[in-house]
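[1] just a sequence and a predicted model for now, questions to come.
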Amino acid sequence: MTVGIREVDAAVTRPLRLDVLRPGHTPDTVPPGDVAGAVHLAAYDDDELVGAVAVHEHAFAPRPAEPAMQFSGMAVAEDRRGSGVGAALLAAVVATAERHGAQVVWCNARSYARGFYERGGFAAIGDEFIIAAAGNLPHFVMWRRIGNQTAVPPRPPG
Ligand SMILES: CC(C)(COP(=O)(O)OP(=O)(O)OC[C@H]1O[C@@H](n2cnc3c(N)ncnc32)[C@H](O)[C@@H]1OP(=O)(O)O)[C@@H](O)C(=O)NCCC(=O)NCCS
């Protein structure tokens, strides 16, 4: 599969973000990633939408002086997981943040996805916490610096 990443309107990826991240959603459910000023990134396999994420300017509390962007709504279609779509989106998040002049990029990561973000050079910081809107799932704040200075070196493949 060849994954292409495109910048799109929020509406394009909203159904995927809702289905993946808010199962059982109702018409008033706010999809993760619907944040004012967010850049919405979509992953395509040819013309099929297979993944989504959104990035917006938001200070990183532990490093308030450094320009930072947060991302949210990371979602890969269930039948496309494990084939590099998430990694391509994560790389696009970092590239987008870098283009916007950020020095830090961060997210509220579901604890079960921690290893995925660590693969991308992110590190957890602080204690685990619950997000009620995300089905009461445990999360960690995860972050990395932009450029070569990762918070932790990515693990080698294998
Ligand atoms: C988490 C998610 C985005 C990962 O996307 P994906 O396309 O399956 O990930 P990739 O195939 O690009 O995997 C990249 C690497 O991370 C690893 N990885 C993927 N998911 C992982 C997980 N949950 N835990 C540990 N490692 C994981 C892969 O094995 C791969 O490792 P490699 O570089 O050694 O091959 C996807 O599973 C998903 O959408 N899950 C449901 C929604 C969700 O949890 N979103 C995140 C909210 S914080």
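    That came through fine. Predicted model, so just to flag it, every value in this text is computed and none were measured.

[2] give me the element the nearest residue to Val20 once chain neighbours are set aside is part of.
    Using C-beta to C-beta, 6 or more residues apart in numbering and skipping residues adjacent in sequence, the residue nearest Val20 is Ala75, 3.7 Å away. In short, each C-beta sits where N, CA and C put it, glycine included. Taking DSSP states H and E as the definition, one finds Ala75 inside strand 68-76.

[3] name every strand pairing with that strand and say which way it goes.
    Using DSSP bridges, the strands paired with strand 68-76 are strand 48-57 (antiparallel), strand 104-110 (parallel).

[4] now distance to Thr2 and mean neighbour count too, for these, in JSON lines please.
    Listed next are these as JSON lines, based on distance: least, C-beta to C-beta, whole Å; neighbours: other C-beta atoms under 10 Å:
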{"stretch": "strand 48-57", "distance to Thr2": "11", "mean neighbour count": "22"}
{"stretch": "strand 104-110", "distance to Thr2": "25", "mean neighbour count": "22"}
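
[5] output those as JSON lines; include the columns mean pLDDT and distance to the ligand.
    Converted to JSON lines, these look like this (pLDDT from 0 to 100; distance: least, C-beta to the nearest ligand atom, whole Å):
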{"stretch": "strand 48-57", "mean pLDDT": "98", "distance to the ligand": "7"}
{"stretch": "strand 104-110", "mean pLDDT": "98", "distance to the ligand": "4"}
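
[6] nearest to Val3, out of those?
    strand 48-57 (7.1 Å; C-beta to C-beta).

[7] just the CA trace of the closest one, in PDB.
    C-alpha atoms of strand 48-57 as PDB (Å, rounded to 0.1, in the frame of the first residue of the first chain):
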ATOM      1  CA  GLU A  48      -9.500   5.800  -0.300                       C
ATOM      2  CA  LEU A  49      -9.400   7.600   3.100                       C
ATOM      3  CA  VAL A  50      -7.500   5.300   5.500                       C
ATOM      4  CA  GLY A  51      -6.400   7.600   8.300                       C
ATOM      5  CA  ALA A  52      -6.700  11.000   9.900                       C
ATOM      6  CA  VAL A  53      -5.100  13.300  12.500                       C
ATOM      7  CA  ALA A  54      -5.300  17.100  13.300                       C
ATOM      8  CA  VAL A  55      -2.600  19.500  14.600                       C
ATOM      9  CA  HIS A  56      -3.100  22.800  16.200                       C
ATOM     10  CA  GLU A  57      -1.000  25.400  18.100                       C
END
